[in-house]
Structures are given as C-alpha cells and as structure tokens.
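S.K.: just the structure for this:
(chains A, B, C and D)
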Protein chains: 4
Amino acid sequence: MPENSTLNSFASDNVTCACPEVMDAVLEANNGIATSYGDDKYTDQLKQQLSEVFETEVSVFPVVSGTAANALALSALTPSYGKIFCHEMSHINTDECAAPEFFTGGAKLIPIPTNTGKIDADSLTSVIRGRGNVHAAQPATVSITQSSETGTLYQLDEIAAISEVASQHGLHVHMDGARFSNAVVSLGASPAEITWKSGIEVLSFGGTKNGCLAAEAVIFFKPELANAFPYLHKRSGQLLSKMRFVSAQLQAFVSNDVWLRNARHANQLAARLSQGLAGFPDIELAYPTESNEIFVKFPRPLIEFLTIDGFTINEEELDGTAPPRFVTAWNTEAKDVDTLLRTIERYYQ
Amino acid sequence: MPENSTLNSFASDNVTCACPEVMDAVLEANNGIATSYGDDKYTDQLKQQLSEVFETEVSVFPVVSGTAANALALSALTPSYGKIFCHEMSHINTDECAAPEFFTGGAKLIPIPTNTGKIDADSLTSVIRGRGNVHAAQPATVSITQSSETGTLYQLDEIAAISEVASQHGLHVHMDGARFSNAVVSLGASPAEITWKSGIEVLSFGGTKNGCLAAEAVIFFKPELANAFPYLHKRSGQLLSKMRFVSAQLQAFVSNDVWLRNARHANQLAARLSQGLAGFPDIELAYPTESNEIFVKFPRPLIEFLTIDGFTINEEELDGTAPPRFVTAWNTEAKDVDTLLRTIERYYQ
Amino acid sequence: MPENSTLNSFASDNVTCACPEVMDAVLEANNGIATSYGDDKYTDQLKQQLSEVFETEVSVFPVVSGTAANALALSALTPSYGKIFCHEMSHINTDECAAPEFFTGGAKLIPIPTNTGKIDADSLTSVIRGRGNVHAAQPATVSITQSSETGTLYQLDEIAAISEVASQHGLHVHMDGARFSNAVVSLGASPAEITWKSGIEVLSFGGTKNGCLAAEAVIFFKPELANAFPYLHKRSGQLLSKMRFVSAQLQAFVSNDVWLRNARHANQLAARLSQGLAGFPDIELAYPTESNEIFVKFPRPLIEFLTIDGFTINEEELDGTAPPRFVTAWNTEAKDVDTLLRTIERYYQ
Amino acid sequence: MPENSTLNSFASDNVTCACPEVMDAVLEANNGIATSYGDDKYTDQLKQQLSEVFETEVSVFPVVSGTAANALALSALTPSYGKIFCHEMSHINTDECAAPEFFTGGAKLIPIPTNTGKIDADSLTSVIRGRGNVHAAQPATVSITQSSETGTLYQLDEIAAISEVASQHGLHVHMDGARFSNAVVSLGASPAEITWKSGIEVLSFGGTKNGCLAAEAVIFFKPELANAFPYLHKRSGQLLSKMRFVSAQLQAFVSNDVWLRNARHANQLAARLSQGLAGFPDIELAYPTESNEIFVKFPRPLIEFLTIDGFTINEEELDGTAPPRFVTAWNTEAKDVDTLLRTIERYYQ
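M.R.: Residues are numbered from 1 along each chain as shown, chains lettered A, B, ... in the order given. Model (predicted):
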C-alpha cells in the first residue's frame, strides 16, 4: 500500500473517485425497496437509455469489473475449443489472469504482435488458420480494444476492415471498451458508428475508469447472441442482488453527456501533458496521444528521479512489457499536470 | 419488474437499500486517489478490523456477491474431482446456477436431504464415500449455511460435530454466512466461536442483505489455505479496481456494531411477525423462527388473497420447493409487520 | 492386484478378454498404412454398418472408454449451466469421478432416487424445475442406462414415456448403453426401437464389456447435434491417431450378429446363475435378473465364506451402496456357474 | 478418406500398423481374466520395466493418445491460472484443439517463436513474467518436445539449461516424448540422462508412432507430483477398464529393445531419404535431419507433381505453418525411400 503523491494520480484512471453525478445517483437509488437481481426500474431504464445512445435496441448486462465484462462477453461468443484473436498487448491477454480462458472453458487467445498496439485486417488475416481442422482450436472471435492498450484509437475504417475479415471467416467481433468514452469524444463519431455500424457485435462498455465506482456493462448489438447470457451472468457471480446500485451509476453516467464530458476533460488534460512531455529533450512519446493515456520513453535516471518524488512505476513498466505510462482522468487538474511537468523540469536543471 | 407494495418489502432482505452508516462510508471513501485492486488503506484496515472481530489473524478478500463468495471459497478448498457435501436446499446447490461447479472446474455437490434445513454429523457421515476410489469423485469439502436456508441456526455443538466428522474424513469446512450477522446475534455466541473455534476454515461473510450495497468477504481462518486465492479472485472478475468502495462498506458494517445492531433489529421484527402469524388458525410455521426468515404453511386461498394485495410469491415458492417466506431486514418497520398481519386478519373475517 | 480365482470371473464383464472375431479383426487391420485420426476405411465402413443396424443415418465417433463416451455425449447436449437428470445409482453419477462435470464445464447432475434402478416419467417430472430462472441451473438433458445399473431393463413404453416428458420440457435424451447389447437381446426389440424410435437422441454404444478390447462409440441419431463433436472428440484425447484399431473392433462386433450372440450367451448364463442363487434359503435377488447382472442379498457369513475362496467383493459392495453383484460375460462357462453354485452349496452344509 | 499410395506412407509415422512384438503381446494378453482399471499384472510389471529403463522409481499411467498424455501431464503440473511455456510450433500449442487448456481448466500457453523448432534458456527466460502479479497468469510449467516438432533434438546440455531456468523460476518441466524413442537412439544418451537427470519431471512417453496400436504413458519421475493423477486419469476417460491391453503393448515395446530397434530403423531410413533429397537442386532441408522427420523446402511445381502421384500434403503444410514433411517409421522399407527419390528424379528429367 504505497503512499500517494500527486504524481501517483497519473498511475491510472482507476485510482480516482467517482464523479458527483454518479455518486448522487447512487444516493438517490438508496431509497425504498427494489426487486433484486436486476428486475428493477434502474436496470430497465438503463437498457432504454443505452438503446438510445447506440441508436438501436441493445441487450444490457451490468457487471462490476472490466475483467468480468470481457470474459463474460467472450464466453458468450466463443466455444471452449475456440480461438480468440487479439493484440498481444491486449488486456484480455496480459492483465486478466486467464479470466477469458476460465470463462470460456479453455478457449485459446491468439496474440497478434504489432508495433502500434492495434491489430489490422492484414495481421488478423495472417493468423486465422485451421477452420474445420479438428487438430486446431477453431477460429471463433476477434477482440479489439478501443481506446487501445497504447492509448491509440481504431478509426472507423480500421474497425470496418477488421469486421470484414471477421465476417469472411465466420468470426464474432468484440470490443473491449474499458475506455470507450475517451475514444468516442476523440474520434468525433457516434457510439453507433464506432460499434455496430462498423461490425462490432458485443461491447464491454466501461464506466469505472471514467467516473463510476464500479460499473461496466456487456452490451449486445445482436440480442440473439445473448440468449444464454443471463445464466452465464448469474453463474459468474456478477448478477448482483442489489443491481440497482450498478445500474444507477451507469444511468447517471450516460445521462446529460456526463460520460462524454468526463472523457473530454481527461483527453484534454492528456493532450496538455503529452505536449509538455514531448517538449523535453530525451523524452519521446512511445505512441501518439489520442485519448487519455500517454506512453513515454524516459531516460532511466529520470525514472529514478521521479521515483524519489513518490512516482510509482506501474507493474507493466517494471517487467518491461510497456513504457512508463501517464493516465489522466475525469478529475485530473491542470495544476497537477503542470506540477508533474515542473518536476521533470527540475530534473533537467 | 413488478410494482412494489408494502408486502413486497418482506420478499427478501436483498430488496432493501443500504443503511446510513454504510452509505456514509462510501461517500467518505469517494475522496482523493487510492491505489487500485485492493492495495488501499480501506482494504488494509478492513483486514485488521475483521481480525479483531474474529479474534484471530484472518485473510480477507472482498467480493460483490454471495454467489461469488461461495463459489470462490469452495474453489479454494475443492479439487476439480472433488465432492462438496451440502444440504439439498442450500443456496450453493439450488440458487447459484452451478457457479460452484463452474469455479471449481467440475466438482460435484452432494445434496443431503433433511427436514430441518440443516445437515448433521450423522447425515453427513452417511454420504461420505469413495475416498481413494478413483471411480468416485473425492470427498473434499463440507459447506453449511448459517443462518440456514430455513432460517434456523446451527448451534455451536452442531457445528463442532460436523467439523469433527469433516476432520476424520479429511474434509475442509466452509460456512455460507450470507446471513451470518443474524446468526451471531441470535446465538449469543462470538463470531470466533461460531466459526474457527468450531472448526470452520473459510467463511462467506455477508454484508449485502444486512445493510450494504454490494459487499461480501471471503474470510480464511487458516491463511495458508488462501495461497492461490489472489489469482482465483482476479481471474473471476471479483478483484475490483476501485476496491476501496467495497472495503469501505464492510468497514462501516463491522464498525460500532452496525452489523449486529442491524441484524438484531431484523431478528426482533421477525419474531414479532412470526408470533403474529402463528396466532392465526390454518397458518403453521414450517420451521422455528430463529433468525430473520419466516417460512409458513399457508392455505392456498390466503396466498391468492395476498397476491391481490400486491404480495409477490417468491420463485422458490412458485415451483413448490419451499413454503412461502417472509424476510425482515435492518430497516423493516414495526408498522409494516402490523400492516401485514392486519391484511391477513382481513382474510379471516 | 488381487489373485484371480474362478469366482472373480463374475466380478464384472470387463475382466474378460476379447472375443475371437474382434481379435481377428484387429489382427487383420494391422496391415499396411491407413490415414490417421479416423479418416480410414474401417471408420467409414463402421458408420455405414451402424446406420444399417439402427435403420437410420447415424453419426459415429469411436472412443476407448465408457466414461469418455458418456461424458463426451453429455457435453454435446448440455451447456455448462445445465442440469442432467439421471438415476442416483447411474454410472455417470457415481462411477466416473465427475467426468460429466469436467467435460461439460460444470453442468449439474440431478440424481433421481428410485428402488428399481430406473427412473420413470413421474420421478423425472418431479425434479424438473427452474426453467428460465437464472438462479437455477437449466434443465438440459436426461440420461438413462440400458441395461440399467441394477441389471433391469427399460421397456419401450418406459423409454417413450421418459422421452415424452423430455420433449415437453425441451430436454435432450441420452442413453448410456455400456450394456446395450444385453438389453437388445433380452428385450427382443430392434436397436432402432430401443433408441431413436423411442426418442433417444444420442447413445453411448458399448463394446468393451461384451467382447471388445477397448471400443465404444458415441452414436448420434440426430446428426445436427454432432456439429461441434469432432472438436470435443479431439480435445478430449479420444480421437486416436490409429483409429482403425478401434473401428475394426466395432466392425467385427456388429458383423454377423457377434454382439448379439455374445450378449445372448451372457444373459443365458446369468439366468442360470440367478435361478440357482434364488434356490438357496437366505439368498434373495435384489432386482429381477433381466440382462447379465445379478444383484443378491447375501447373509454376511456367506460373503465371508466366499471371500476365503477367493471371491473379491466389488468396491460398490464394500461401501454399502450396492448389494453383491455377479456379472456373466460373453465367455462365461456353464461349469463356472455351476462351480460357484456348488461353492455356495457347501456353505449351507 | 484419401486413397493410399506408397508416397503416403511418409505422411506420418501414425499411418503405420503395429510391430509384430507388440501385436503378439496383445494376443497373449487376450487370455483369461484380469482385474480391470489397471489393477492387473501387465500394468504392474510395466511400471517395474519402466523403472528399470529410466533407472529410477517412476509412476506410470498408460493412456491411449498423445494428446491425452500431454494434456493430463500438464494438468498435473499447472494450476488453472497458470502459464505453460512452449514452442509456438509445439503439438500442444497447435495440434491438440486446446486440450491442454481444457484439461487444466483454462491455463494459458505462452508460445515461444524460434527458427529451430526448439526453445532455449534465453528465449524461455525472456517470456517469464508476472510472478506474484495477480493480473498475470502465473508462470507454472515449461514443456519441450523431444524429438522436436521440426525433427531436431534437444541436446543434454540444452535440456539442462532449460531446466535450470525453470528451477530458478519455480517452474515444472514436462517433455512431450511422442517421438522419444527416436531421440534416444539418435542422441546416444540414456533415457535417464535425457529426462530426469537433465531436470525433466514428467514425460509423455510415446509408443503409438513407433510400433504400438495405441499406447502412450505419462511417466512421473517425481512420484509426489502424481498424487492427484489417478483421479485426473479416471475423470478424463483414459483409465481403461481392460487396461491390460494398453500395458501389454508398452511392455512388449520396451522389452528386448524393441522400441530402440524400431526407432533406429526409422532414423536410418530418414537419413537415407534426407541425403537423397538434399542431393536434388532446388530442394533444401528446412531443418537438419536428426530423427525420423524430414522437413524440406520444395519448389511448388514439385509438390503438384507429387500430388498427381498420390502424395498427400499434410494439413500443416496446406495452411503454410510448416514445410512439407516426410516421416519414416519402424517399418519403412528402403525400397519405398528409393521409389520416392526416383519419383522426384522423374520430375527433374
């Protein structure tokens, strides 16, 4: 349990608290009785709200963690003998302690390496193999992360190209949207365009990192794919008895553009920080800053210098699988960004 | 999504909202940054508090549903080829959509039928078979529910007798304590006496039904049994990034005897209701009222009469596996009990 | 590794060797090259032969153990959150070390207790519960054993009645036919009548106990249910590279009525033994002798007397879950039956 | 079911029949009664023979397929949240339809790419990550294939170096020895030296490809690792009732150096073929020929030329993951090698 300094507020967007609108909704939901296990008005209304947000009738299943959202979504799409194609740096492949394998009953993640953190139609095509060959796990699902693990974004035509390949090979298409909000505001495209209009069938819709306490949703754009989902949901321990408290968070989150406002703020502060960092000699952006994550190549002495100031290096950075990362959030303050930049400035003096 | 009438507040203790102390703690925790995934001061202090409550060093893993608590706990104790002995009416056997089988990788629940809702040393002994016989799933774990599925309680000597049988046969002992609070206040024994001093090794400690929003904890009294648990916890999607919000609930819950006060209130109202119900002709208590659940044998016309008044029959009752049930909660009001009794009175006029 | 006396030849029909026709076929198949993994002429012809035997186009997947046949068949019919209804004494429930749970990814066996070793439409109906209720594992499959675990037989109308209930509740119907041959000759009905004409969808067709070395087949009467089976087959390690050696066994087994002749012989000797046993005072048949298994109630001193003579008590008998059992096989000799009867006679002198 | 030409006898060593010594042993075992499920003299003696072969007390579990041997072995060594490090071309990673994932309950295979078909200490070290980090599947097991997937061999010092890395990181070490015999004769080292003396803990010992009908064995050099194995063995459907027929095969296989003689023959014919192929212009060996597999880079028209002659291209070759392969077996004849070479000669004329 490391002590927290200002610098550590950039460790991740999941170290933040919830935004006022979400917290108020939880308080308001804490009133009277509500039928348990999601058979309540909050969950019902949430479904309607999300159908409006996505401009199509969706099936919605609230859960409390991104790992659960992803693993459940993938288990609805992939047989136990199936293959899931994903970027080698994807959260499902590296950060979920084999949850997708667990939930699917043993499906196989096929990691695709690229330099950008994104897969593309070609790299995907090159690894799809073995259809109909009983010796090979069967191609079943492709999963992309939006915003990606490197903070970059899939453009509409990139998503569509991946979905096209998927369609040709009979694959389902899943989007891990733990930071979906940040992508929406940055792409300037509608949620519908980024998802089902580009071929996405199921979305892990993230709330926690962008202002909720603990609220994600598995959203099906093809409700017929969700037939078995209520049972998968329940048997995974993600169907909460007092589901109203999760649904209420998500309701507030998507009401009055709270989710977009929060994301826009985070992205703006990320841009400010990114610009500041890029101005230093020896500091190089590892990837273009397109959402609220900034990956940088730091000289080692600078890392040590910052560590003394209380800066905590993320696990992924320590084991060398990722460059140091700064993440801004819905409540990051400009002065915190500036403090960080001034601290680095001191290193150069 | 049925409309709610006063009567429906007795449907379950999970239709209630959270108690003020818990809600305040969540509000207070919603402040500043906190390291994610349970590496925060709330989770750390919770462990210390629960070690005090149970008078021994415990390992604590917060989760958000009772199903997750049970299935995870059982998976820490039971190999994939193991047998879990439990009452045939137990929640793990009938109400978790095969979550224990999922989390354990295929272990086998051996249901023990008794009239009381509780198993005992003899009925347990009679079904333990096959040790060392490769054709048989291997005896591994016994799980009891406290308060039991019928609202009755395991007395200390009953738990000890079960644990003694377990010990003789090399079984682990788990307690499903979704309504553990209600048992503690009713038994007048210490949490330690009801658990590890009577041989319990792992407890699913329930908060949600007794005043939390969504907070349970898997508590290990033998920390060495928890070595693999952090990974099981994570890969099940129950390790929340903003864990502070679950831990804060549980902190408030066990601080200043909130959990005991809430449970005592619920039990008292249950006693009031039970006494009232038993006074009617044709109404018989299915089981003695020992905690906050009352099961009654109703004449069928009375059920129909109440249904018109908005009374919703529980699923378990509809499929005939359980008699109609009334559950009181931390915030049940005496006037609601009296309203219910007066409604029934009208039926008899 | 107990020594074998004549008496032990009655321990089970799986202690026998293979019959000459099967052995000859293996020898003959051991010639030249054959494409691996079942893409060979033996496997191909076997499918045609079984389609003739069952008077309908069947899908056939050879495997090498009854446990594999059952667990694979059930996994093709049952989702991970499903319920499989079966007799409490069924092999899948008591003798396969939780293989069905393993292969299905955690499905739940619902044991039905009856005195006969068979389930019936009523006892089945009484346990089907929870359809559409997310808290309950979902009713999915019913499995019956023919010949049953007690050596009794399901009559055509009994199977049809069970299938009718299954159909009403949307359940698949599986038959564990480890001793299917013995049932066929005893019922005097056609293989088709006993299976798909009575509603059976998938059959575990047993060869090992009735003259093969190690050969069973999963037979689908509705080929559309087998779409995913090739992958389940492979990933379970049951798709042998030199599959011709299993297929050749089954080919010889169903050619020239070998399987029926073998079974008829075993049944006849069982009848002779049953009649002899029933003639003794204090010996009572536990179940009517309808195939090649005889379960008897013995006075304890007789068991001890026989044990001295080298008679080995079966595990199921030792743990008290079943009365002592005698099983006759394709090669049991009349003189062995008579030796056994004379040994018992000596006890009474 | 493609027709077989002489050329197809080189498709794999699993298209061959069994060698006479093995077949004779099966015939001889087909005599009298034997206690079922491996409690027979054949299985008992096999254990003693293999303990002599490996110069140490081993635990032995016969199974009927290489996929089963590997998946079971790995499941004994790897928790459900574990990582298995292996070559990206390894059989467990590409040819077992996710059996290792199934048997382990969801462990994660980490494919290591190298040009040689073998991993080494450095490439292994570079991918071991995440120990103690709950977000990462936990490093658990390394599996190497001997002979490797490219027909090359791990030298003693290479195995020892891998085991040393494993030991430093607390990993178990498994060897897939589907073609272990071929490695033994080629390395000129003892079975003990190639396995436990170099740090191997569990071996999948292959018989099928080198003269058996269907017989492999999981061999534990540390018997304490096998404590749970009897249950894993049974629940996977690999514990045959008439196990004597598998054990008898393996007994004959390791008696009188049959396995080594068979392998030596296959390797010699491979050398002859390899030499012949390398003599052609445009044909290049993809890997050095060190056992009984030859991988070649063929001009495409030659492949087409051979196809007309009945040569069947292996699936792995068709999907481009491997160059065309020729495999020699225990019964390959020199004249078949010469026929193949002459056929190619014709192409060049």
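S.K.: report the buried residues of stretch A:167-175.
M.R.: Judged by neighbour count using 16 or more other C-beta atoms under 10 Å in any protein chain shown, the buried positions of stretch A:167-175 are A:169, A:171-175. The C-beta positions use only the backbone N, C-alpha and C, and glycine is treated the same way.
S.K.: distance between the ends of it?
M.R.: Using C-alpha to C-alpha, to the nearest Å, the end-to-end distance of stretch A:167-175 comes to 15 Å.
S.K.: between the buried residues of stretch A:167-175, which is nearest residue D:274?
M.R.: residue A:169 (37.0 Å; C-beta to C-beta).
S.K.: quick check: pLDDT value at the closest one.
M.R.: For residue A:169, the pLDDT comes out at 98.
S.K.: repeat that for residue A:313.
M.R.: On the pLDDT scale, residue A:313 gets 64.
S.K.: how about the residues of chain A by chain D?
M.R.: Proximity of chain A to chain D (C-beta under 8 Å from any C-beta of the partner chain) is limited to residues A:80-82, A:94-98, A:101-102, A:104-109, A:111, A:129-130, A:133-138, A:315, A:319, A:321.
S.K.: filter those residues down to the buried ones.
M.R.: Those of the residues of chain A next to chain D that meet the buried threshold are A:80-82, A:94-98, A:101-102, A:104-109, A:111, A:129-130, A:133-138, A:315, by 16+ other C-beta under 10 Å.
S.K.: what's the closest of the buried residues of stretch A:167-175 to residue D:14?
M.R.: Nearest to residue D:14 among these: residue A:169, at 29.3 Å, using C-beta to C-beta.
S.K.: touching, that closest one and residue A:131? I think so.
M.R.: Yes. Because the distance of 6.9 Å satisfies C-beta atoms under 8 Å, residue A:169 is recorded as touching residue A:131.
S.K.: can you list residues touching both of those two?
M.R.: Common neighbours of residue A:169 and residue A:131, using C-beta atoms under 8 Å, 6 or more residues apart in numbering or on different chains, are residue A:139.
S.K.: can I get the buried residues of stretch A:167-175 in TSV including secondary structure?
M.R.: What follows is the buried residues of stretch A:167-175, written out as TSV (DSSP: H, G, I helix; E, B strand; the rest coil):
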residue	secondary structure
A:169	coil
A:171	coil
A:172	strand
A:173	strand
A:174	strand
A:175	strand
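S.K.: could I get these as JSON lines with distance to chain B?
M.R.: Formatted as JSON lines, those follow (distance: C-beta to the nearest C-beta, whole Å):
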{"residue": "A:169", "distance to chain B": "28"}
{"residue": "A:171", "distance to chain B": "24"}
{"residue": "A:172", "distance to chain B": "20"}
{"residue": "A:173", "distance to chain B": "21"}
{"residue": "A:174", "distance to chain B": "15"}
{"residue": "A:175", "distance to chain B": "18"}
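S.K.: save those residues as JSON lines, and put in distance to residue C:60 too.
M.R.: Shown next, in JSON lines, are those (distance: C-beta to C-beta, whole Å):
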{"residue": "A:169", "distance to residue C:60": "29"}
{"residue": "A:171", "distance to residue C:60": "30"}
{"residue": "A:172", "distance to residue C:60": "31"}
{"residue": "A:173", "distance to residue C:60": "36"}
{"residue": "A:174", "distance to residue C:60": "36"}
{"residue": "A:175", "distance to residue C:60": "41"}
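S.K.: rewinding a little: out of the residues of chain A next to chain D, who's near chain B?
M.R.: Answer for these near chain B (C-beta under 8 Å from any C-beta): A:96-98, A:102.
S.K.: mind listing what the one residue sitting closest to the centre of chain A touches?
M.R.: Closest residue to the average C-alpha location of chain A: residue A:178 at 1.7 Å, with C-alpha atoms, centre = their mean. Residue A:178 makes contacts with A:66, A:69, A:91, A:145, A:204, A:206, A:208-209, A:216, as judged by C-beta under 8 Å, 6+ apart.
S.K.: helices and strands of chain A: which one has the lowest mean pLDDT?
M.R.: Lowest by mean pLDDT, DSSP states H and E among the helices and strands of chain A is helix A:315-318, with a mean of 58.
S.K.: avg pLDDT for stretch A:237-246?
M.R.: 98.
S.K.: which residue ranges of the stretch 51-200 of chain A form helices?
M.R.: Per DSSP state H, counting those that start in this stretch, the stretch 51-200 of chain A carries helices over the ranges A:66-77, A:91-94, A:99-104, A:121-127, A:156-168, A:180-187, A:191-194.
S.K.: is the first one in proximity to chain C?
M.R.: So that's helix A:66-77. No. Helix A:66-77 lies out of reach of chain C by C-beta under 8 Å from any C-beta, never closer than 8.8 Å.
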